[in-house]
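A.B. asks: compute the structure for the input listed below.
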Amino acid sequence: MNFSEQLKSQLDIVEVVKHYGVALKRQGSGTRYVGLCPFHSEKSPSFSVQSALGYYHCFGCGVGGDVFKFVQQIESLTFPETLKVLAERYGIPMPDRQRSNDPETQRYAALLEMHEIAASAFQDNLRGSTGVEARRYLESRGVARAAIDEFRLGLSEASGQQLVQRLQKFGPELMEESGLVRKRESGGYYDYFRGRLMFPIHNEAGKTIGFGGRALRADDEPKYLNSPTTKLYDKKTVLYNLHRAKIDARRQERMILVEGYMDVIGIYSAGIHEVVSVSGTALGNEQVRAIKRQISQQQSTIGQIILNLDSDKAGARATEKHIAPLLAEGLRVKVLEIPGGLDPDEYIQQNGAEAYRKVLGGAGSYFHWLADRARSNFDMATAEGRMDAFKFLWPTVQQVHDKLERSVIASELAEYLNIDRDEIRRQFSRSPAAQARRPLDVSSTVAPNEKLLLACLLSSAEARAAIRHYRASADFPGQLELRNVFESILRFDEEMAAFSLDAILVELEPRLQRILTEVSFAEMGVREEDAAGQALHCLAALEAKALSGQREALRQQIRELEQAGKFPEALRLADQLNRIKRSALGA
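C.D. replies: This is a model prediction of the structure:
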């Protein structure tokens, strides 16, 4: 058994999936669990996990695979990276050769090392004689020395050659891939960040994967420069400070989302640690799910997210955009507008940490914030203006998962906007209810005994051994629709150290893949201890059906030959029919 098979055998796919904030509920008394899909937005669960087979499948968006594929998809990792993450998380030692010999792992490790070299170089620059101006700026923003060290703030060297020299040992290809340096059209390389205050960006494990650089001169554009997309870093999936914030976020069951690095540092330094920011104004689905993973650890818990973005027009637009995807993931959303239009770190500097805690505790519901926006943007003196305000609000309200909550909000909308309640109810009733996506049941065309035999083979190693023993002396009976599936299961079960549904699916044609997936997640009433006996019973029934079909086909041929006057051929087939009957009686 190789390391990946050994690792998989020690992992519980249900626990791994739950780690990422997916609330799973057992269906009946079997090994199937269902929940809301983490890969697309839905209000009714279509995501299934089959714990006995170590496999997941979403009947809404079609994704599926084993425990490794799940982590690869949700964290955007390569296969070697996935092995490393899971091994470290669950305390399973990786063999040395697994760590060092894989080229992809080596490349990933080299990129991480390059970013660590860059972070250390930037820190040294900020602490040295070249960092006077940057340190003065940080002091003016109220950033203490302890925060500078905690967040590993730094300064990129202005000449543009410091990192080029330090990273040359990695070679031109990796240097360019890292995003830390750029190639000149005239030849040679230069540092991507030059003369900027540097904010290291980390992944959830706390490894440096990118940087944000703030200009220190007024004529240096853009004001903020982020690392380009690399194998390590994608700004659409990463949240600044998540690796620090997640501990308190889990404890508090809430997260504060702010707009910039300085806001994060200011709030964190005030003793409120569950704070993160995006790199820019967009909030991607993967970032929303990363937040949900941290603040909705229990199935009964609905995590709270407080949006505390800048109070200017751009900040208000960003807040408005963020609300819908957060609601779509089932999170409780509040909006904090700081008095005086100050940024969070400015407010803390002027009023202190306790004052910020107080306004944070008074953050209002997203609904009232949006309603106030609507009232200021539309003419509330006219019926048309009030209905326009309602239409502005309604698409966001529809993202609320709970039907009762949506109904309450509809009533509040009517009162707040002075709109006839009956009109609101009519609009509410026209809103399409979220329906679970149900695929066409392809397996319904398959003979019941074939489906039951398949369920038995999936449920029990003893059933697979029993049928394999049968196959050693006889072929499968008749024209079985699932013959290729049965043969693949038996071959893989014999050849592989651990049974793998994923490996079997790969070699089947699409229709058989769907049938196998459907039966895997269906409630077939098969108990593991009874599966071997049920499998043999199914096989006997299929044999009997095949013989019956064969006998009927011979009778039809005999009748046709007799009608055509071909009596010798009819007698020969009649003799063959009698032998089949005697064989069946002997069996």
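
A.B. asks: tell me how far residue 576 lies from residue 570.
C.D. replies: Per C-beta to C-beta, to the nearest Å, residue 576 is found 11 Å from residue 570. The way it works is simple: take the backbone N, C-alpha and C, and place the C-beta from them, glycine included.

A.B. asks: next one: residue 117
C.D. replies: Residue 117 is 89 Å from residue 570, by C-beta to C-beta.

A.B. asks: likewise for residue 63?
C.D. replies: Residue 63 is 58 Å from residue 570, by C-beta to C-beta.

A.B. asks: repeat for residue 274
C.D. replies: Distance, residue 274 to residue 570, using C-beta to C-beta: 86 Å.

A.B. asks: which of these two has more neighbours?
C.D. replies: Neighbour count, other C-beta atoms under 10 Å: between residue 274 and residue 570, residue 274 has more, with 23 against 18.

A.B. asks: the more buried one touches residue 245, doesn't it?
C.D. replies: Yes - if you go by C-beta atoms under 8 Å, residue 274 and residue 245 touch, sitting 5.1 Å apart.

A.B. asks: overlap in contacts, these two.
C.D. replies: Listed as contacting both residue 274 and residue 245 by C-beta atoms under 8 Å, 6 or more residues apart in numbering are residue 255.

A.B. asks: any regions of the stretch 51-200 of the chain where pLDDT drops low?
C.D. replies: Within the stretch 51-200 of the chain, the stretches with pLDDT under 70 are 76, 96-102.

A.B. asks: do a quick rundown of the helices in it.
C.D. replies: 67-75, 79-89, 96-100, 103-127, 132-140, 145-150, 162-167, 172-178 (DSSP state H, counting those that start in this stretch).

A.B. asks: which other helices and strands contact the longest one?
C.D. replies: This points to helix 103-127. With contacts taken as 3 or more C-beta pairs under 8 Å, 6 or more residues apart in numbering; DSSP states H and E, helix 103-127 sits against helix 79-89, helix 96-100, strand 154-155, helix 162-167, helix 172-178, strand 196-202, strand 208-215.

A.B. asks: any idea which of the ones you listed is most buried?
C.D. replies: Highest mean neighbour count among these (mean count of other C-beta atoms under 10 Å): strand 154-155, with a mean of 26.

A.B. asks: partners of it, with directions?
C.D. replies: Looking at strand 154-155 with DSSP bridges, its partner strands are strand 196-202 (antiparallel).

A.B. asks: quick one: stretch 411-425 to chain centroid distance?
C.D. replies: Remark: stretch 411-425 is offset 37 Å from the chain centroid, using C-alpha atoms, centre = their mean, to the nearest Å.

A.B. asks: how about the CA coordinates for it, as PDB?
C.D. replies: The C-alpha trace of stretch 411-425 is given here as PDB (Å, rounded to 0.1, in the frame of the first residue of the first chain):
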ATOM      1  CA  SER A 411     -43.600  42.200   6.200                       C
ATOM      2  CA  GLU A 412     -40.900  44.500   7.500                       C
ATOM      3  CA  LEU A 413     -40.300  45.800   3.900                       C
ATOM      4  CA  ALA A 414     -44.000  46.600   3.600                       C
ATOM      5  CA  GLU A 415     -44.000  48.600   6.800                       C
ATOM      6  CA  TYR A 416     -40.600  50.300   6.200                       C
ATOM      7  CA  LEU A 417     -41.400  51.400   2.700                       C
ATOM      8  CA  ASN A 418     -45.100  52.100   3.300                       C
ATOM      9  CA  ILE A 419     -46.200  49.600   0.600                       C
ATOM     10  CA  ASP A 420     -49.400  47.700   0.700                       C
ATOM     11  CA  ARG A 421     -48.800  44.400   2.500                       C
ATOM     12  CA  ASP A 422     -50.900  42.400   0.100                       C
ATOM     13  CA  GLU A 423     -48.700  43.600  -2.800                       C
ATOM     14  CA  ILE A 424     -45.600  42.400  -0.900                       C
ATOM     15  CA  ARG A 425     -47.300  39.000  -0.200                       C
END
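
A.B. asks: who wins for proximity to residue 238 among the helices of the stretch 51-200 of the chain?
C.D. replies: Nearest of the helices of the stretch 51-200 of the chain to residue 238, taken as C-beta to C-beta: helix 67-75 at 11.0 Å.

A.B. asks: that closest one versus helix 79-89: what angle between them?
C.D. replies: Angular relation of helix 67-75 and helix 79-89 on a 0 to 180 degree scale: 100 degrees, by axes from the mean of the first three to the mean of the last three C-alpha atoms, to 10 degrees.

A.B. asks: any regions of the stretch 351-500 of the chain where pLDDT drops low?
C.D. replies: For the stretch 351-500 of the chain, applying pLDDT under 70 flags the ranges 423-443, 497.

A.B. asks: look up how far residue 216 lies from residue 140.
C.D. replies: Per C-beta to C-beta, residue 140 is found 12 Å from residue 216.

A.B. asks: so what's the spatially most central residue of the chain up against?
C.D. replies: Nearest to the mean C-alpha position of the chain, counting by C-alpha atoms, centre = their mean, stands residue 74 at 3.3 Å. Residues near residue 74 by C-beta under 8 Å, 6+ apart: 20, 38-39, 289.

A.B. asks: now do it against residue 14, distance only.
C.D. replies: Counting by C-beta to C-beta, the gap from residue 74 to residue 14 is 15 Å.

A.B. asks: again with residue 187
C.D. replies: 55 Å.

A.B. asks: which one's more surrounded, those two?
C.D. replies: Relative neighbour count places residue 14 above the other of residue 187 and residue 14, with 20 against 6, counting by other C-beta under 10 Å.

A.B. asks: ok, that one touching residue 48?
C.D. replies: No - Residue 14 is not in contact with residue 48 according to C-beta under 8 Å; the separation is 11.1 Å.

A.B. asks: what touches both of those two?
C.D. replies: Common neighbours of residue 14 and residue 48, using C-beta under 8 Å, 6+ apart, are residue 33.

A.B. asks: which residues sit in contact with residue 70?
C.D. replies: The contact partners of residue 70, taken as C-beta under 8 Å, 6+ apart, are 13, 16-17, 56.

A.B. asks: go again using 7 Å as the cut-off
C.D. replies: Counting by C-beta atoms under 7 Å, 6 or more residues apart in numbering, residue 70 makes contact with 16-17, 56.

A.B. asks: once you drop chain neighbours, what's closest to residue 545?
C.D. replies: Closest residue to residue 545 in three dimensions, ignoring its sequence neighbours and counting by C-beta to C-beta, 6 or more residues apart in numbering: residue 478, at 6.9 Å.

A.B. asks: tally of neighbours for that neighbour?
C.D. replies: Residue 478 has 16 nearby residues by other C-beta under 10 Å.

A.B. asks: ok, the one 4 residues further on next?
C.D. replies: Taking other C-beta under 10 Å as the neighbour definition, residue 482 ends up with a count of 23.

A.B. asks: any idea how far stretch 182-198 is from the chain center?
C.D. replies: 35 Å.

A.B. asks: how long is it end to end?
C.D. replies: Start-to-end span of stretch 182-198 (C-alpha to C-alpha, to the nearest Å) is 17 Å.

A.B. asks: that's all I had, so thanks and see you.
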